[in-house]
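Novice: Sharing a model prediction with you, sequence too.
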Amino acid sequence: MNKDSRFLSRHVHEDDFPACLLDPWLEAGVGDRAWWAGEERLAARPLRVAAIGTRKPSERALVAMEALCTCLTAEGATIVSGAAAGTDLMAHRAALEAGGCTIGCLPFGLGFPGARSPGGRSMLWEEPERALLLSPFSPGQAPTRQTPVIRNRLIAALACAVVVGEAKPDSGTYHCASFALRTGRPVFVLEAPEGSSAGLVRLQRGVAARNGARVYTADECHGGGLAREVCAAARRFTEEKTRRRAEQQDLLEGDRP
């Protein structure tokens, strides 16, 4: 997508609002209007995995995320992330370089100068058929303290499973993971490296104790085994969600005269 390309916008109550965006948009509670650029049908792909983490990862964590996202892409997963520096952009790049697709959720408007920054986001604009950029913010919206929090809910709502890389205890990464856990999504958390703060270790154990979150090691990111496990968990989540929706529909139809 070249620099002159326009982005699209729809209100959730408009008839032509993309059906594939409606459920995650409403579940995340990110407002009544969506802006996007690229291929919106990527949001309908059945196997979507969020890969998120700090803007300043260690080399160990960055290599691990690259390897895992490459393996996830080989399994047919579409990588969802926050288009931020560090872990997020590595996740997007790994998916594209492996020949796959990716979805980037921005914490500011698509018309904000940073949306096309040379820091790496430009690659998402240059792959209109394999990349989707989403924002719940008006085009000129600059980032604030709250916009990443809102964006993180959208990342989780779009995903069928969430992989957490290296992150600080009070970071937006764990806000995203918490939202995912509250909504029943499987979460995988990178183990804290030796010498990590007590706060990070406690947080990691707390996340792992909830809803069966799985702690994985950096070594597991290579070889495909962990990627297959993540994808299997994502499929189970999707199947369960589909089953619950069908049951609710049956109940609604049963109440009709």
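Specialist: That came through, no problem. Remember, it's a predicted structure, so these values are computed and weren't measured experimentally.

Novice: Now for T217, how many residues are close by?
Specialist: T217: 11 surrounding residues under other C-beta atoms under 10 Å. (C-beta placed from N, C-alpha, C; glycine too.)

Novice: what's near enough to touch it?
Specialist: 190-191 (C-beta atoms under 8 Å, 6 or more residues apart in numbering).

Novice: Report the separation between it and V49.
Specialist: To V49, T217 is 18 Å away according to C-beta to C-beta, to the nearest Å.

Novice: What of P118?
Specialist: In this structure, P118 and V49 are 27 Å apart, going by C-beta to C-beta.

Novice: Over to R185?
Specialist: In terms of C-beta to C-beta, R185 sits 10 Å off from V49.

Novice: Touching both of these two, which residues are there?
Specialist: Here R185 and V49 have 159-162 as joint contacts, going by C-beta under 8 Å, 6+ apart.

Novice: can you pick the most crowded of those?
Specialist: Within those, most neighbours by other C-beta under 10 Å means A159, with 30 neighbours.

Novice: In space, what's closest to that one - neighbours in sequence excluded?
Specialist: Among residues not flanking A159 along the chain, A50 sits closest, at 3.7 Å (C-beta to C-beta, 6 or more residues apart in numbering).

Novice: next one: F17
Specialist: Spatial nearest neighbour of F17, excluding adjacent residues (C-beta to C-beta, 6+ apart): R10 at 4.4 Å.

Novice: for that neighbour, phi and psi?
Specialist: phi -140, psi 150 (degrees, to the nearest 10).

Novice: Give me the neighbour count for it.
Specialist: By other C-beta under 10 Å, the residues close to R10 number 19.

Novice: what bridges to it?
Specialist: A34 (DSSP bridges).

Novice: That one and E40 touch, don't they?
Specialist: No. Assessed by C-beta atoms under 8 Å, R10 is found out of contact with E40, at 9.4 Å.

Novice: picking up where we left off before, which one's more surrounded, P118 and V49?
Specialist: When neighbours are counted by other C-beta under 10 Å, P118 and V49 differ, and V49 comes out ahead with 29 against 6.

Novice: The more buried one - that's part of a strand, no?
Specialist: Yes. V49: assigned to a strand according to DSSP: H, G, I helix; E, B strand; the rest coil.

Novice: so where do the strands sit in the stretch 101-250 of the chain?
Specialist: Remark: strands assigned in the stretch 101-250 of the chain by DSSP state E, counting those that start in this stretch are 102-105, 131-135, 161-164, 187-190, 214-216.

Novice: Can you tell me which of those is most buried?
Specialist: strand 102-105 (a mean of 30; mean count of other C-beta atoms under 10 Å).
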